[in-house]
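K.L.:
Any chance you can model this:
(2 chains)
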Amino acid sequence: SAVISQKPSRDICQRGTSLTIQCQVDSQVTMMFWYRQQPGQSLTLIATANQGSEATYESGFVIDKFPISRPNLTFSTLTVSNMSPEDSSIYLCSVETAGSYNEQFFGPGTRLTVL
Amino acid sequence: AQSVAQPEDQVNVAEGNPLTVKCTYSVSGNPYLFWYVQYPNRGLQFLLKYITGDNLVKGSYGFEAEFNKSQTSFHLKKPSALVSDSALYFCAVRDDSGAGSYQLTFGKGTKLSVIP
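P.N.:
So this is what the prediction gives:
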C-alpha cells in the first residue's frame, strides 16, 4: 500500500484566482492520477501525471485549466487555474504502485470552494 | 468505452441484516473490477478487487463481492451489517483490452445507511 497526503485539505477561493494542490506519497510509485469529485457526483479522471513529461489529459480537461507537474516519483501538483464556482469540487490524488496490480490508493482529497 | 452502473442511489438496511450493493459494468475486453468506500470528509478506501480467478472475492471489513460474467455484475455483499458500515460505496471498472489505459471508470456511488 501507499500513504498519500494532500495539501491543502480544503480552501475557499475567489473567482479568477488559481490554487495549487500538492500530493505527496511515502514511497516511489509508478503511476499518479488526479480525479475530480463534484458535489454529489462520482469521480472523474482529470489526468495521469507522468514523471518527466507532460501529463495525459482525459477528454474535457485541458492543460491550460489544470496544469500538472510531477518532478519525481513521489510528488505531484495540480493547479486549478482561473477558477469559477463550477470548479468547486473535491480533488483527489491517487497512485498505483508496482506491486499493487491495478489497485489504486487515494489521498484524503482537497475540498475546494470557489466563491 | 467502459461504464459502470450502480442502480441504487441509497440502500437502507437494519443492523445485523445482510446487505447488498449492486453494480453492473460494460467493457469491451476483460474487466478489472473494484469496490471503494468513502466515509464523510475522507478519501476513498479500497475494499476489494476482481482481476481473475475465483468469482467470489473477499475483502476488507468482512465485505465480499461476486463476479458474474453472464450478468456483467459485481455486487458487493456482507452477511451482517454494522452501523459503522454506513458510507458511500463506489464500484469501478478498468478494461484490460490491451490498450494500456489505466483509467478507472467509477459508478455514481451508493449511499449505504445501516439502521441501529
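K.L.:
How about the contacts made by the residue nearest in space to the middle of chain A?
P.N.:
Taking Cα atoms, centre = their mean, the centroid of chain A lies closest to A:Trp34, which sits 3.3 Å from it. With contact set as Cβ atoms under 8 Å, 6 or more residues apart in numbering or on different chains, A:Trp34 has these partners: A:23, A:45-47, A:49, A:66, A:68, A:76, A:78, A:91-94. All C-beta atoms are positioned from the backbone trio N, CA, C, and that covers glycine.
K.L.:
Specify the beta-bridge partners of A:Thr56.
P.N.:
Taking DSSP bridges as the rule, A:Thr56 bridges to A:Thr48.
K.L.:
where's it relative to A:Met32, distance?
P.N.:
Applying Cβ to Cβ, to the nearest Å, the value for A:Thr56 to A:Met32 is 11 Å.
K.L.:
Format the contacts of A:Trp34 as TSV; extra columns: pLDDT.
P.N.:
Compiled in TSV, those are given as follows (pLDDT from 0 to 100):
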residue	pLDDT
A:Cys23	97
A:Leu45	92
A:Ile46	95
A:Ala47	94
A:Ala49	92
A:Phe66	97
A:Ile68	96
A:Ser76	96
A:Leu78	97
A:Tyr91	96
A:Leu92	95
A:Cys93	96
A:Ser94	94
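K.L.:
out of those residues, what pair is the most spread apart?
P.N.:
Using Cβ to Cβ, the contacts of A:Trp34 span at most 15.2 Å, a distance reached by A:Phe66 and A:Ser94.
K.L.:
which of these two has more neighbours?
P.N.:
Under the neighbour definition other Cβ atoms under 10 Å in any protein chain shown, A:Phe66 and A:Ser94 were set side by side, and A:Ser94 has more, 24 against 19.
K.L.:
from memory that one sits against A:Met32, does it?
P.N.:
Yes - assessed by Cβ atoms under 8 Å, A:Ser94 is found in contact with A:Met32 at 7.3 Å.
K.L.:
So for stretch B:40-60, mean pLDDT?
P.N.:
Per-residue pLDDT over stretch B:40-60 has a mean of 89.
K.L.:
Endpoint to endpoint, it covers what distance?
P.N.:
Start-to-end span of stretch B:40-60 (Cα to Cα, to the nearest Å) is 18 Å.
K.L.:
buried ones in it?
P.N.:
B:Gly43, B:Leu44, B:Phe46, B:Leu47, B:Leu48, B:Lys49, B:Tyr50, B:Ile51, B:Val57, B:Gly59 (16 or more other Cβ atoms under 10 Å in any protein chain shown).
K.L.:
swap in stretch A:36-47?
P.N.:
Going by neighbour count (16+ other Cβ under 10 Å), the buried part of stretch A:36-47 is A:Arg36, A:Gln37, A:Ser42, A:Leu43, A:Leu45, A:Ile46, A:Ala47.
K.L.:
Most widely separated two among those residues?
P.N.:
Top of the distance list for the buried residues of stretch A:36-47 (Cβ to Cβ): A:Ser42 and A:Ala47, 16.9 Å.
K.L.:
Alright, calling it a day.
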